[in-house]
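Visitor: What follows is a predicted protein model with its sequence.
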Amino acid sequence: MTYPGIRLKLYNHSTPEAIEAVKSGKIDFAVVSTPAEVDSPLKQIMLMPFQEILVGGTTFTALGSQELSLREVKNYPMISLGRETMTYKFYNSVFLSHGLDLSPDTEAATADQILPLVKCELGLAFLPQPMAAPSLLKKEIVQIPLKDEIPERQICLVYDSQHPMGAAARELKNTIVSGRG
């Protein structure tokens, strides 16, 4: 073991909360999704792109053979992250660019809460394709094709370039960065 006695503490913050924790020195770095508002002395390193897809529970199976516009999606109950998240702001801007207002019926605090809500038939949601893939394969949820394109996003690592990291944190950061793409 290279770093005996090292303890990791993992948090499940929204992107703005994680960036604030890096800024305040509470954490060494954060892995978040774009859009991420990162100002100097914070830096961000893009790790990998991802595409989000629209999914629903099995009661929405018939929609899987159709192609919906965002305007048509608005006719169904929606699940999204909360208004304080960058993901919400991202989707709000996507909907606004089509002349629509994003008004989810259910708001989740973190992305990992969305899939169980979809499986419980509470509505449609946008999920990263890799997160949705296992449930799609098991036919627990269905992908709903879209006419409108959802822009690609990125997973990125955010750190404070003026805050020195301990050896273990620096090594973990380097391991994450070297494994990107």
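Guide: Yes, it's here. A quick note: this is a predicted structure, and the numbers were derived from the prediction, not measured.

Visitor: which stretches of this protein have low pLDDT?
Guide: The chain contains residues with pLDDT under 70 at 1-4, 180-181.

Visitor: can you pull out the helices in it?
Guide: Ranges of helices in the chain, per DSSP state H, are 15-23, 70-73, 86-97, 114-119, 129-137, 167-178.

Visitor: Quick one: closest of the ones you listed to L47.
Guide: helix 167-178 (7.0 Å; C-beta to C-beta). Heads up, the C-betas are built off the backbone N, CA and C, glycines and all.

Visitor: Relative to V118, how far out is T58?
Guide: As defined by C-beta to C-beta, to the nearest Å, T58 lies at a distance of 10 Å from V118.

Visitor: Over to G25?
Guide: Counting by C-beta to C-beta, the gap from G25 to V118 is 37 Å.

Visitor: Same drill for the two, tell me which one is more crowded.
Guide: Between G25 and V118, V118 has the larger neighbour count (other C-beta atoms under 10 Å), namely 24 against 10.

Visitor: Surely that one and G57 touch.
Guide: Yes. The pair V118 / G57 is scored as a contact, 5.5 Å apart, by C-beta atoms under 8 Å.

Visitor: Now for the two: what residues contact both?
Guide: Common contact partners of V118 and G57 (C-beta atoms under 8 Å, 6 or more residues apart in numbering): I141.

Visitor: follow-up on the earlier one: now render the helices of the chain as a markdown table, adding distance to V31.
Guide: Formatted as a markdown table, those follow (distance: least, C-beta to C-beta, whole Å):
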| stretch | distance to V31 |
| --- | --- |
| helix 15-23 | 8 |
| helix 70-73 | 29 |
| helix 86-97 | 13 |
| helix 114-119 | 18 |
| helix 129-137 | 14 |
| helix 167-178 | 7 |
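
Visitor: what residues are up against V31?
Guide: By C-beta under 8 Å, 6+ apart, the contact set of V31 is 47, 155-158, 176.
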